[in-house]
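Trainee: attaching a predicted model along with its sequence, questions to come.
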Amino acid sequence: MRLTKSWLATGNSFWVNTVHKNPLSWEAAFVDGLWTFKNIETGRYLGHVLDVVIKQSEDIKTTTHPFIWQVKRDVNGWLKLSVPYTNFVLDMEINERRKVMTCNSHGQSNQRWILNPDKPLQFPIEPGTIYKIICSEAGTVVNLDDSGVVSGHHYNEGRNQKWEAIPTNSDTWLFKNHFSGKYLGIWVDLPANGTLVGGTDNPFAWDVIPKYVNGKLCNRNSVILRVPSTELHLDLRYQKKDPGTRIQLWWNVVNSYWILSKV
């Protein structure tokens, strides 16, 4: 059973008030007694990369894969986030750097954390719903032509500009073209910056990440579409409004996002 709820995760007030204008928000998922924490603005997880042997003072990263934590209270009732089967817990340096890392558990305040469950999570997609996918910068929509090319075009109510959102069993989504039945995807096995997006016969999964800035949605249905386990996002080249502008993959897209609008 998977219980998912949005939490506001913060450290002590010195870290929150000094480093961030607003506390960072994380989606917490509870699975078999353990937790993952996914940042709602980036879709990345709090933790370590999988091939690292965790050591004392190991820097915390944000990763594209889930990293599990054990959440428990210490003898004084404070919450600690610990790495399962180790004595390492989430720790923040008490100095100017304020680096977050994993360290051996002790009783100091820099290993105490607050989980505030009062922040609702808004997820802007519904299974089986038909959407037009709008570029936030250009205002054009994702268009699939007869040759399988995917590009930006002005909306004309054509079925080739409408996409059905289909959930998978791995918390990812497929987008199936309402006209041709092809999927929004790529034609290569190893994508990179500039890889073109097209219509594919085989299903292609996307991470759908609500687009937040400072804890607030940019738009009620704003999302980032990302290739799972990568930094590559769906991107309209140079955000051009010209019809036929190709849609590609690009890494670390900051300002651009997509709006899922029901049709």
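Mentor: Perfect, I can see it now.

Trainee: and the pLDDT for Ser229?
Mentor: pLDDT, Ser229: 84.

Trainee: likewise the one 5 residues further on?
Mentor: pLDDT, the model's per-residue confidence, is 97 for Leu234.

Trainee: ok, Val75 next?
Mentor: pLDDT, read off for Val75, is 75.

Trainee: Lys162 now?
Mentor: Note on Lys162: pLDDT of 99.

Trainee: looks like Trp26 contacts Leu46 (just checking).
Mentor: Yes - between Trp26 and Leu46 there is a contact under CB atoms under 8 Å: 6.6 Å. Where you see a C-beta, it was placed from the backbone N, CA and C, and this is true even at glycine.

Trainee: please enumerate the helices of the chain.
Mentor: 13-19 (DSSP state H).

Trainee: so who does Lys61 touch?
Mentor: 47-49 (CB atoms under 8 Å, 6 or more residues apart in numbering).

Trainee: got it, and Trp206?
Mentor: Going by CB under 8 Å, 6+ apart, the list of residues near Trp206 reads 172-175, 184, 225-228, 234.

Trainee: and the contacts of stretch 39-48?
Mentor: 6, 9, 24-27, 36-38, 54, 58, 60-69, 83, 102, 121, 207, 209-213, 215, 224, 226.

Trainee: so how far is Ser82 from Gln108?
Mentor: 15 Å (CB to CB, to the nearest Å).

Trainee: for ChimeraX, what selects the buried ones among the contacts of Lys61?
Mentor: Here is the ChimeraX selection string for the buried members of the contacts of Lys61, based on 16 or more other CB atoms under 10 Å:
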select :47,48
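
Trainee: any stretches of the chain with poor pLDDT?
Mentor: Low-confidence segments of the chain, defined by pLDDT under 70, are located at 1-24, 95-97, 116-122, 213-216, 254.

Trainee: the domain parsing of the chain - what is it?
Mentor: Using automatic domain parsing, the domains assigned to the chain come out as 2-116, 130-262.

Trainee: right, so the ones you listed: which one is the most enclosed?
Mentor: Counting by mean count of other CB atoms under 10 Å, domain 130-262 has the highest mean neighbour count of the domains of the chain, with a mean of 17.

Trainee: end-to-end on it?
Mentor: 6 Å (CA to CA, to the nearest Å).

Trainee: Leu225 contacts Pro210, correct?
Mentor: No - using CB under 8 Å, Leu225 is not in contact with Pro210; the gap is 11.3 Å.

Trainee: could I get the contacts of Lys61 as JSON lines with distance to Lys162?
Mentor: Listed next are those as JSON lines, based on distance: CB to CB, whole Å:
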{"residue": "Gly47", "distance to Lys162": "38"}
{"residue": "His48", "distance to Lys162": "41"}
{"residue": "Val49", "distance to Lys162": "39"}
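
Trainee: which among the contacts of Lys61 gets closest to Gly148?
Mentor: Nearest to Gly148 out of the contacts of Lys61 is Val49 (CB to CB; 35.3 Å).

Trainee: which residues touch stretch 183-196?
Mentor: 142, 144, 150, 163, 174-177, 197-204, 206, 227, 230, 232, 246-251.

Trainee: if we use 7 Å, what do you get?
Mentor: The contact list for stretch 183-196, computed with CB atoms under 7 Å, 6 or more residues apart in numbering, reads 142, 150, 163, 174-176, 197-200, 202-204, 227, 230, 232, 246, 248-251.

Trainee: how about stretch 125-132?
Mentor: Applying CB under 7 Å, 6+ apart, the contact partners of stretch 125-132 are 141, 155, 161-167, 173, 178, 208, 260-263.

Trainee: so how far is Pro84 from the most centrally placed residue in the chain?
Mentor: Central residue of the chain (CA atoms, centre = their mean): Gly43, 1.8 Å from the mean position. According to CB to CB, Gly43 and Pro84 sit 23 Å apart.

Trainee: equivalent analysis for Gln111, please.
Mentor: 16 Å.
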